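**Student:** Got a predicted structure here, sequence first:
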Amino acid sequence: MIAEKLTQVMRNIEIAKGNRNRYFDENVKLIAVTKNHDVNAMREAIDHGVKFVGENRIQEAMQKVETLNRSVEWHLIGHLQTNKAKYAVDLFDLIHSIDSERLMAEVNRVANKINKIQKVLLQVNVSEEKNKFGISTKEIEPFLDSVGQYDHIHLCGLMTIAPHYNNVEDARPIFRELFQIFCNLKLKRFKNVSMDWLSMGMTNDYMVAIEEGANLIRVGTGIFGQRQY
């Protein structure tokens, strides 16, 4: 079942890429979101081509790392509390959810201790929902200016979570807005910053996100089915 769902997701990615205009030429990286799915399901997905896994909770990821017995790239896609930065830096290849300078400073401090350059994304709350983490679009450039003082941080892109709309087309303007910002930032220089990755789109809206420029998508239910709580 997982193999079949994964095949369908990959087909959908190609369809969405085909709907892009000629400006878009980047590949799309699929992050399999494994929250509340066991290591057997993860192994099946990895054995059928998944190379990147995304976890929301550090403790759950730590337990899985010990037993997974597969080589993958680990992404933290959930909110990161400052007091858990040391665990995140030790475990994750890419942290998607940097949303304050205080958090970035702590990640930098911990990364410095283990001589690691931690790759991160800046989480942007494009829709400015009160119940979502992330900075506003107006705060992006001042935030990027501040990254230069943190030599153990490489901020390599942006991330957003669109509201859950019944009609996925309603998410399109949000994805389009962040892509335009992303493209503009590519033309500017900030120390310790590169605009390589635009992480947006989940199971319900990843095709629209790809059409609007996403090159990192986060799909869980679309691969594994409903989560087991």
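**Tutor:** Yes, it's here. Residues are numbered from 1 along each chain as shown.

**Student:** Can you give the contact residues for stretch 174-185?
**Tutor:** 124, 126-127, 137, 140-141, 144, 157-158, 160, 162-163, 193, 195, 198, 200-201, 205, 208-209, 212-214 (Cβ atoms under 8 Å, 6 or more residues apart in numbering). From N, CA and C alone the C-beta is placed, and that goes for glycine too.

**Student:** filter those to the buried ones?
**Tutor:** The neighbour-count test (16 or more other Cβ atoms under 10 Å) applied to these identifies 124, 126-127, 137, 140, 144, 157-158, 160, 162, 193, 195, 198, 200-201, 205, 208-209, 212-214 as buried.

**Student:** ok, now which ones touch residue 135?
**Tutor:** Residue 135 neighbours (Cβ under 8 Å, 6+ apart): 99, 100, 122, 123, 124, 125, 143.

**Student:** what pLDDT, on average, does whatever helix or strand the third one lives in get?
**Tutor:** Looking back up the chat, that one is residue 122. In the assignment (DSSP states H and E), residue 122 maps to strand 118-123. Averaged across strand 118-123, the pLDDT comes to 98.

**Student:** Same check on stretch 49-57?
**Tutor:** 96.

**Student:** Sort out for me which of the buried ones among the contacts of stretch 174-185 are in helices.
**Tutor:** 140, 144, 208, 209 (DSSP state H).

**Student:** Just want to check the distance between residue 134 and residue 143.
**Tutor:** For residue 134, the distance to residue 143 equals 11 Å [Cβ to Cβ, to the nearest Å].

**Student:** Okay, now the unreliable bits of this protein?
**Tutor:** 21-25, 228-229 (pLDDT under 70).

**Student:** Quickly list what the nearest residue to residue 182 once chain neighbours are set aside is bridged to.
**Tutor:** In space, and not counting its chain neighbours, residue 182 is closest to residue 198: 5.0 Å by Cβ to Cβ, 6 or more residues apart in numbering. Residue 198 forms beta bridges with residue 158, as assigned by DSSP bridges.
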